[in-house]
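Trainee: got a predicted structure here, sequence first:
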Amino acid sequence: MTIRVAIAGARGKMGQEAVHTVMKNAEMELVAVLDYKDIGATLGDTDIFPDSYDVPVFTDMEEMHDAAEPHVLVDLTSPEAVYKHTKKALELNIRPVVGTTGFSDDELKELARLSEDTGVGCIIAPNFAVGAVLMMKFAEQAAKYLPDIEIIEMHHDQKLDAPSGTAMKTAHLISSHRQTHEQGHVHEKETLEGARGANYDGMRIHSVRLPGLVAHQQVLLGGEGQLLTIRHDSFNRGSFMSGVVLSIKTVIKTEKLIYGLEHIID
Ligand code: NAP
């Protein structure tokens, strides 16, 4: 069966890469693009894609559903749009594959409930890079032995949310192996607000935003006389595409919400 794919956010940095990836994949067909502004009737009408990309563009998801009948919606948009898109897609029986970050815990719970109730599968992956998923898994394992941890995530300066979805996901995974406790000196005091980063169960998360960066993260685990550093770097957006393809192929066979690629790689 050819998987009929729609992409929301196709003009963006991740979206463009995903468009080319799906167009080149023999097991998939890019049947539609969802945008929120009028960019022309097809992708080929934009100056971003070749004229031969005659993929129809829709600004309304219901209209897109009726006309193009996608099986899967890949969302690579913005934190403001993603919850609404994912909820609507589940209601329309379109399986969401979501790379956009910035969900709240309550939103994730609500989407998991909706996915379970409707039996429409959904994959939300804060990081599609396989190496980053391994970094999270290794950090989760190591936290059992070295529970004093700080996370430093580094991204390009156009990123809208902080901390990154990957940092939040890493902290969430680690917290299942680490007892909640405050780190650093009990009398520690910030002389400049924010100097110690965000506090997640006592772990600290620091967000760096600089031009030139793509997506990078270090997990620092300190112990008496030792430091374990687990680091992953995505140097370009190609690093995310094998995860996008794997998620599209997996979501088709899934009837509930999966949060994180670590649940679908061995
Ligand atoms: P980007 O370049 O800003 O692209 C986002 C695109 O979505 C823009 O073209 C934007 O259009 C469009 N958009 C915004 N609202 C929309 C809506 N309601 N409907 C359709 N399109 C809409 O950002 P990016 O770097 O590609 O990243 C996109 C998202 O993926 C971010 O949340 C980022 O954190 C996440 N990300 C995830 C991974 C992963 O592995 N999961 C990796 C990298 C990035 P305008 O610019 O015209 O508003």
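Mentor: Nice, thanks for sending it over.

Trainee: burial count for the residue nearest to residue 69 when sequence neighbours are not counted?
Mentor: Leaving out its chain neighbours, the residue that sits closest to residue 69 by Cβ to Cβ, 6 or more residues apart in numbering is residue 4, at 6.2 Å. C-betas here are computed from N, CA, C, even on glycine. Residues near residue 4, counting by other Cβ atoms under 10 Å, number 17.

Trainee: try residue 251
Mentor: 25.

Trainee: I'd say it and residue 123 touch.
Mentor: Yes. Between residue 251 and residue 123 there is a contact under Cβ atoms under 8 Å: 4.8 Å.

Trainee: show me whatever sits in contact with both of those two.
Mentor: 95-97, 258 (Cβ atoms under 8 Å, 6 or more residues apart in numbering).

Trainee: what sits closest to the residue in the chain that the ligand sits nearest to if chain neighbours are left out?
Mentor: Residue of the chain nearest the ligand, by Cβ to the nearest ligand atom: residue 12 (2.0 Å). The shortest distance from residue 12 to any non-neighbouring residue, by Cβ to Cβ, 6+ apart, is to residue 76 (5.8 Å).

Trainee: and the one you found, its phi and psi?
Mentor: phi -130, psi 60 (degrees, to the nearest 10).

Trainee: how about residue 95?
Mentor: Per degrees, to the nearest 10, the backbone of residue 95 is at phi -80, psi 120.

Trainee: and the residue nearest to it when sequence neighbours are not counted, what is it in contact with?
Mentor: Distances taken as Cβ to Cβ, 6+ apart put residue 251 closest to residue 95, at 4.5 Å, once the chain neighbours are dropped. Applying Cβ under 8 Å, 6+ apart, we find residue 251 in contact with 72, 95-97, 121-123, 258.

Trainee: can you check residue 16 too?
Mentor: 10, 48-49.

Trainee: likewise for residue 72?
Mentor: 3-6, 94-97, 248, 251-252.

Trainee: interface residues of the stretch 151-266 of the chain facing the ligand?
Mentor: Proximity of the stretch 151-266 of the chain to the ligand is confined to 159, 215, 240 under the rule Cβ under 6 Å from any ligand atom.

Trainee: show me what the second one is bridged to.
Mentor: Yep, that's residue 215 we're talking about. residue 155, residue 234 (DSSP bridges).

Trainee: could you chop this structure up by domain?
Mentor: 3-124+238-263, 130-234 (automatic domain parsing).

Trainee: and these, which is most packed in?
Mentor: domain 3-124+238-263 (a mean of 19; mean count of other Cβ atoms under 10 Å).

Trainee: show the average pLDDT along stretch 211-230.
Mentor: Stretch 211-230 carries an average pLDDT of 97.

Trainee: before we move on, what about stretch 258-266?
Mentor: 89.

Trainee: for it, list the C-alpha coordinates in CSV.
Mentor: Extracted in CSV, the C-alpha atoms of stretch 258-266 (Å, rounded to 0.1, in the frame of the first residue of the first chain):
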residue,chain,number,x,y,z
ILE,A,258,3.5,7.0,20.9
TYR,A,259,5.6,9.8,22.5
GLY,A,260,9.2,9.5,21.5
LEU,A,261,11.1,7.5,18.9
GLU,A,262,12.8,5.4,21.6
HIS,A,263,9.5,3.4,21.7
ILE,A,264,9.8,2.4,18.0
ILE,A,265,13.5,1.7,17.7
ASP,A,266,14.9,-1.5,19.1
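
Trainee: what sits closest to residue 211 if chain neighbours are left out?
Mentor: residue 157 (5.2 Å).

Trainee: the one you found contacts residue 207, doesn't it?
Mentor: No. Using Cβ under 8 Å, residue 157 makes no contact with residue 207, being 11.0 Å away.

Trainee: now the strands for the stretch 101-250 of the chain?
Mentor: With strands called from DSSP state E, counting those that start in this stretch, the stretch 101-250 of the chain shows them at 122-124, 148-155, 198-200, 203-209, 215-223, 226-234.
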